[in-house]
Every structure is written in C-alpha cells, then in structure tokens.
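Asks: Turn this into a model:
(one chain, ligands or ions: 1)
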Amino acid sequence: MLKGRSLIEPMDLTLEELDEILDLADQIIAGPSEFADVCKGKVLGTLFYEPSTRTRLSFEAAMLRLGGSVMGFSSGESSSAAKGESVADTIKTVACYADIAAMRHPKEGAPKVAAMNTDMPVINAGDGGHQHPTQTLTDLLTIRSLKGKLNNFTIGICGDLKFGRTVHSLIKALSRYENIKFVLISPEELRIPEYIREEILVRNGIEFKEVERLENVMEELDVLYMTRVQKERFFNEADYIRLKDSYIVNNEKLEKAKKDMIILHPLPRVNEISVEVDSDPRACYFKQAKYGMFVRMALIMKLLGVEK
Ligand code: CP
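Replies: Okay, the predicted model is just below:
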C-alpha cells in the first residue's frame with residue numbers, strides 16, 4: 001500500500017510496488033484524458049532549494065494534468081530558509097497548505113528529515129550527491145517502454161559516477177532485476193562511491209566492471225546512460241575544468257555501438273553528448289524527459305491513494 005507514504009530512495013519501493021507505478025504510468029500514457037480530474041482539489045508543494053528544470057516542471061505538469069494544483073518555491077533564497085528556517089519547520093508549515101510535497105535540497109538527507117516531521121507524503125526530488133528516486137522511476141519507465149523489459153541487459157553508465165545521484169539511485173534499482181551487468185565508465189577520481197560498489201554490487205553478486213575508456217566498451221552496451229560532471233559538487237574549480245570534458249559522445253564514437261542501443265541522459269547535458277547525436281534514432285533523452293512526467297503522475301496518484 002503506497003498511500004500516505006514518502007519516497008526518499010528507490011529501495012523504499014518493493015519490486016511489486018515499482019511495477020504498480022510503471023503499470024499505472026503506462027495506463028496514463030495510453031489514455032491521459034481519463035486521468036484529467038483524478039487529483040481535483042489536491043495540492044502539490046514543490047520545495048526546490050536547488051535549481052531544476054525537468055524535475056520541478058515535470059512534477060508541476062504532472063499534478064496539473066491530474067487536475068490538481070501546485071504551489072512552491074524554486075530556490076531556497078525565495079523561501080524563509082533564507083532567514084534561517086529549518087527544513088523541519090518548513091515542511092510542518094507546507095503540510096498546513098498541501099497534500100503532498102516534492103523536495104530538492106543540496107544537503108543529503110534533507111527530504112528524509114522533512115518526511116520524519118510530517119504525515120504528508122514527501123518525495124525526494126534529489127538530495128545533494130545522494131539519491132534521485134523519481135529520476136530512477138523515469139529511467140526504468142523509459143527503458144521498459146523502449147526495450148520492452150528490465151532484465152538481461154548490459155548497462156553502461158558513463159561520466160560522474162561519484163557525485164551523480166541519478167547514477168546511485170539507478171544502480172540500486174536495477175540491481176534487483178535479473179541478469180543486469182554494469183559497465184561503469186569514469187575517470188579514476190569520479191568512480192562510484194564505495195558504498196554502492198560494496199553494499200549493492202559486490203554484496204548482491206552483480207557483474208560489473210569499472211573502466212576509463214568508453215570507446216573500448218561501446219559495442220557491449222544495450223543502454224548507454226551518460227551523465228554530466230556535477231560542477232556544483234566540486235570543491236576545487238581546477239579539478240572540475242580538468243574533468244568536465246572527459247567524455248563527449250559523437251556520431252563517430254557511436255559507429256561501434258549496437259544498432260538497437262539506447263542513449264539516455266537524465267539531463268541537463270553540458271558537453272557529454274554532441275548535439276549532432278540528437279538526430280540519431282538511438283538518442284532517447286528527450287523522450288526520457290517526457291516519460292518523467294507520466295511516471296510522476298503515477299507516483300502522485302499512488303502516494304495520495306487516488307484512483308481513476
Ligand atoms: N534530471 C534532472 O534532475 O534534471 P533537473 O536538474 O533539470 O531537474
């Protein structure tokens with residue numbers, strides 16, 4: 001039963017619950033008009049202490065397309081956080097006005113603190129370099145919709161695997177499906193955190209390898225998941241500048257890739273994928289952004305306990 005619960009990280013959902021959300025998203029895609037009023041009278045609070053385009057706007061579009069309403073702030077500076085208000089006090093206040101909230105925060109664990117201070121469902125919309133569970137729902141729906149399944153794949157994840165919260169959440173979620181192999185492609189300094197390697201991959205006996213050169217593994221991949229080097233998480237600008245263009249996928253590099261490989265990216269991109277790749281049929285990152293809205297519609301419905 002998902003009604004009334006918060007979503008802080010992907011493992012908060014059982015595989016069965018994940019399937020329920022993805023199945024509902026499929027139904028919404030098939031007949032969006034049937035869902036146009038299901039959240040009438042409900043209010044979503046979007047509490048974004050960090051910049052966002054896709055997550056905030058897709059949450060807002062999701063609630064609006066379900067017939068509900070939206071309120072919120074798009075930076076900590078425009079809320080009373082700028083005057084020193086705590087996350088706990090903010091969420092207690094928002095719960096007086098809203099039925100459900102999505103929170104993005106630069107501090108890891110902030111949405112969890114919020115969830116512990118209210119009975120209203122709180123959705124983690126990205127906390128620091130930690131987790132981004134609704135991006136994972138987006139990624140799973142995209143892969144399942146475009147490839148027809150979520151098992152028996154070799155998934156290449158490339159870029160900033162250290163700070164990229166979408167990567168951490170995706171590895172956690174995919175590690176529960178059968179016969180998933182990971183090829184983790186990053187510079188030495190941006191390898192996945194130890195806790196993901198040891199507690200998720202090694203502990204569960206999941207096949208993976210860590211490599212530095214994308215070209216050497218391109219032909220093995222069913223999914224290529226590119227990520228941006230996370231400038232905002234670096235302490236030292238010189239390190240960012242040295243690492244930021246470590247990987248740039250272009251048409252030439254894709255020549256060795258499978259014809260049915262799909263290229264995903266949580267976006268925003270900086271230079272990791274050349275614009276020329278956008279017209280390649282394997283480039284699916286804008287479709288992915290659209291799936292993000294549908295899966296958030298399904299999630300909001302489930303957490304509010306509303307049905308068609
Ligand atoms: N994928 C994602 O989280 O994008 P935004 O930062 O634009 O929300």
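
Asks: all contacts plus neighbour counts: C-alpha atoms, from now on.
Replies: Fine.

Asks: tell me the contacts of the spatially most central residue of the chain?
Replies: Using Cα atoms, centre = their mean, the residue of the chain that lies closest to the mean C-alpha position is residue 135, 1.5 Å off. By Cα atoms under 8 Å, 6 or more residues apart in numbering, the contact set of residue 135 is 55, 166, 266, 292.

Asks: Compare the residues you listed and tell me which has the most neighbours.
Replies: residue 292 (27 neighbours; other Cα atoms under 10 Å).

Asks: Quickly find the element holding that one.
Replies: Counting by DSSP states H and E, the element that carries residue 292 is helix 285-304.

Asks: quick one: that helix to chain centroid distance?
Replies: Between the centre of helix 285-304 and the centre of its chain there are 11 Å (Cα atoms, centre = their mean, to the nearest Å).

Asks: Repeat that for stretch 172-191.
Replies: 15 Å.

Asks: SS state for the residue nearest to the centre of the chain?
Replies: helix (DSSP: H, G, I helix; E, B strand; the rest coil).

Asks: What segments of this structure are helices?
Replies: Counting by DSSP state H, the chain has helices at residues 15-30, 54-65, 87-94, 110-116, 133-147, 165-174, 194-195, 237-243, 251-254, 285-304.

Asks: Any stretches of this structure with poor pLDDT?
Replies: Under the criterion pLDDT under 70, no range of the chain is flagged.

Asks: Repeat the analysis, applying 90 as the threshold.
Replies: 129, 163-165, 229-246 (pLDDT under 90).

Asks: residues from it in reach of the ligand?
Replies: By Cα under 6 Å from any ligand atom, the part of the chain that sits against the ligand consists of 52-56, 266-268.

Asks: Compare those and tell me which has the most neighbours.
Replies: Neighbour max across the residues of the chain next to the ligand (other Cα under 10 Å) = residue 55, 25 neighbours.

Asks: Spit out the contact partners of that one.
Replies: Contact analysis of residue 55 by Cα under 8 Å, 6+ apart lists 125, 135, 292.

Asks: Out of these, which comes closest to the ligand?
Replies: residue 135 (6.2 Å; Cα to the nearest ligand atom).

Asks: what sits against the closest residue to the ligand within the stretch 151-300 of the chain?
Replies: As assessed by Cα to the nearest ligand atom, the ligand sits closest to residue 266 within the stretch 151-300 of the chain, at 4.2 Å. If a contact means Cα under 8 Å, 6+ apart, then residue 266 has 135, 139, 166, 226-227, 285, 288-289 as its contacts.

Asks: for residue 107, same thing?
Replies: Residue 107 neighbours (Cα under 8 Å, 6+ apart): 127-128.

Asks: so how far is the ligand from it?
Replies: Note on residue 107: its distance to the ligand, by Cα to the nearest ligand atom, to the nearest Å, is 15 Å.

Asks: repeat for residue 41
Replies: Taken as Cα to the nearest ligand atom, the span from residue 41 to the ligand is 26 Å.

Asks: State the phi and psi torsions of that residue.
Replies: phi 90, psi -10 (degrees, to the nearest 10).

Asks: hang on, it packs against residue 69?
Replies: Yes - at 7.2 Å, residue 41 and residue 69 qualify as touching, with contact defined as Cα atoms under 8 Å.

Asks: Those two: which has the busier surroundings?
Replies: residue 69 (19 against 10).

Asks: Tell me if I'm right that the more buried one and residue 38 touch.
Replies: No - look at residue 69 against residue 38 with Cα under 8 Å: they stay out of range, at 11.7 Å.

Asks: Can you lay out the helices of the chain as CSV showing distance to residue 47?
Replies: Shown next, in CSV, are the helices of the chain (distance: least, Cα to Cα, whole Å):
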stretch, distance to residue 47
helix 15-30, 23
helix 54-65, 9
helix 87-94, 9
helix 110-116, 10
helix 133-147, 15
helix 165-174, 18
helix 194-195, 28
helix 237-243, 28
helix 251-254, 39
helix 285-304, 15
